[in-house]
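starting from these lines, generate the structure:
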Amino acid sequence: MKSVDLHTHTSKSDGSYTPTRLVDYAIEKGLLAVAITDHDSIEGLDEALSHAASLKAQGLPSVEVVPGIEFSTKYEKQDVHIVGLYISYDSDAFRTALDGFVNSRVNRNIKMCQNLREAGIDISYEKLQAMYPEAVITRAHYAAYLLENGYVKSRQDAFAMYLGDHTKYFVPREKVTPTQAIKLILTAGGIPILAHPPLYHMGKDRLDTLVSSLKADGLMGIEAFYSTYTNQDVRDMMGLANRYDLLLSGGSDFHGANKAGLDLGCGYGNLFVPEEVLFKIKAALLDGAR
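Next up, the predicted model:
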């Protein structure tokens, strides 16, 4: 049985691998499919899909690239991430809505740069863009900038001193709700998935309330397999999936060098997302198209 990885990031958001390199690495790892799910960005999808198609046309080993996205949303003052799989990302309605999300991130970045300059750091949004062209700028890029320019000794220091939620320099971004993200993914013909629920540390009852509410809004799946899950986490997520008739999904949350020790397909060594997960997601897509 082959495995799949349905949660990864490229250099178009906060990963270190280009979309092309990520596709090549997925082939090297023997994956049946890999989903590109950059943060609030679809900029890497054309490149990844085109590269995979080109390899296949040449009779070379290839991999199925699942077009996706990961939305950062806010639920009762808590970050909650929604992954969209098999999105029709070229639709006008989807792109227009996504532009609004990106613009809110840009405004946040401009304000954060202003705050950091007041702390004596020579930084601007334009400098970040020059260092990371075409990427959606996230706090991981700030950390790399601060480290490379000698303002901190480690990425951990960067977050502790300048970038963390509770530092005086941090600027929260206006975020969409999980419900808004789900509706947008459904509008784009995709499968909305609740990403890595155990990471929210909500407690059993509150998480159950969240899943129940999002199911009513159109949520179709939940990540039952993830790099940091314990065996109990997997059982708990499968239990939620059963209770609310949700599809199973999962992935490594691969970021390349930006998440040291976390590898594509296998996470920290024990992750395995069976191909059956992908088959059932595809079956749900076909049912929805009928």
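
could you report the neighbour count for residue 221?
Number of residues near residue 221 (other C-beta atoms under 10 Å) recorded here: 23. For every residue, glycine as well, the C-beta is placed using N, CA and C.

what strand or helix carries residue 269?
Residue 269 is part of no helix or strand, with elements assigned from DSSP states H and E.

list the contacts of it.
Residue 269 is in contact with residue 263, counting by C-beta atoms under 8 Å, 6 or more residues apart in numbering.

and what of the one 3 residues further on?
Shown in contact with residue 272 (C-beta under 8 Å, 6+ apart): 3, 225, 266.

which of the residues you listed are buried?
3, 225, 266 (16 or more other C-beta atoms under 10 Å).

any chance of these in JSON lines, plus pLDDT?
As requested, those are exported to JSON lines (pLDDT from 0 to 100):
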{"residue": "3", "pLDDT": "98"}
{"residue": "225", "pLDDT": "98"}
{"residue": "266", "pLDDT": "98"}
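
nearest to residue 140, of these?
Of all those, residue 140 sits closest to residue 266, with 21.8 Å by C-beta to C-beta.

gap between the closest one and residue 225?
Residue 266 sits 11 Å away from residue 225, going by C-beta to C-beta, to the nearest Å.

kindly report the same for residue 232.
Residue 232 is 13 Å from residue 225, where distance means C-beta to C-beta.

cool, residue 195 as well?
Separation of residue 195 from residue 225 (C-beta to C-beta): 12 Å.

give the next helix or strand downstream of the host helix or strand of residue 193.
Assigned by DSSP H and E, residue 193 belongs to strand 191-194. Scanning forward in sequence from strand 191-194 by DSSP H and E, the next helix or strand is helix 204-217.

what lies in contact with that following helix?
Identification of contacts with helix 204-217 by C-beta under 8 Å, 6+ apart yields 75, 80, 178-179, 182-183, 194, 197, 200, 202, 219, 222, 236, 240, 243-246.

how about stretch 121-128?
So stretch 121-128 is in contact with 106, 109-110, 113, 116-117, 137, 141-142, 145-146, 149, 151, 162, going by C-beta under 8 Å, 6+ apart.

dump these to a markdown table, plus secondary structure, pLDDT and neighbour count.
Formatted as a markdown table, the contacts of stretch 121-128 follow (DSSP: H, G, I helix; E, B strand; the rest coil; pLDDT from 0 to 100; neighbours: other C-beta atoms under 10 Å):
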| residue | secondary structure | pLDDT | neighbour count |
| --- | --- | --- | --- |
| 106 | helix | 85 | 14 |
| 109 | helix | 91 | 22 |
| 110 | helix | 93 | 13 |
| 113 | helix | 95 | 22 |
| 116 | helix | 96 | 20 |
| 117 | helix | 95 | 13 |
| 137 | coil | 88 | 21 |
| 141 | helix | 91 | 19 |
| 142 | helix | 94 | 23 |
| 145 | helix | 93 | 22 |
| 146 | helix | 95 | 23 |
| 149 | coil | 94 | 13 |
| 151 | coil | 95 | 18 |
| 162 | helix | 96 | 23 |
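
name every strand pairing with the strand holding residue 193 and say which way it goes.
strand 78-85 (antiparallel), strand 221-226 (parallel) (DSSP bridges).

between these, which one is nearest to residue 174?
strand 78-85 (13.0 Å).

from residue 146, how far out is the residue located most distally from the centre of the chain?
Ranked by distance from the centre of the chain (C-alpha atoms, centre = their mean), the top residue is residue 120, with 32.2 Å. Look at residue 120 and residue 146: by C-beta to C-beta, they are 12 Å apart.

between those two, what contacts are shared?
Joint contacts of residue 120 and residue 146 (C-beta under 8 Å, 6+ apart) do not exist.

mind listing what's buried in the helix or strand bottoming out on mean pLDDT in the chain?
Sorting the helices and strands of the chain by mean pLDDT, DSSP states H and E puts helix 92-118 at the bottom, at a mean of 87. Using 16+ other C-beta under 10 Å as the test for burial, helix 92-118 gives 94, 97, 98, 101, 105, 108, 109, 111, 112, 113, 115, 116.

can you put these in JSON lines and add distance to residue 173?
Formatted as JSON lines, these follow (distance: C-beta to C-beta, whole Å):
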{"residue": "94", "distance to residue 173": "20"}
{"residue": "97", "distance to residue 173": "16"}
{"residue": "98", "distance to residue 173": "14"}
{"residue": "101", "distance to residue 173": "9"}
{"residue": "105", "distance to residue 173": "6"}
{"residue": "108", "distance to residue 173": "4"}
{"residue": "109", "distance to residue 173": "9"}
{"residue": "111", "distance to residue 173": "9"}
{"residue": "112", "distance to residue 173": "9"}
{"residue": "113", "distance to residue 173": "14"}
{"residue": "115", "distance to residue 173": "14"}
{"residue": "116", "distance to residue 173": "16"}
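
done for today, thanks.
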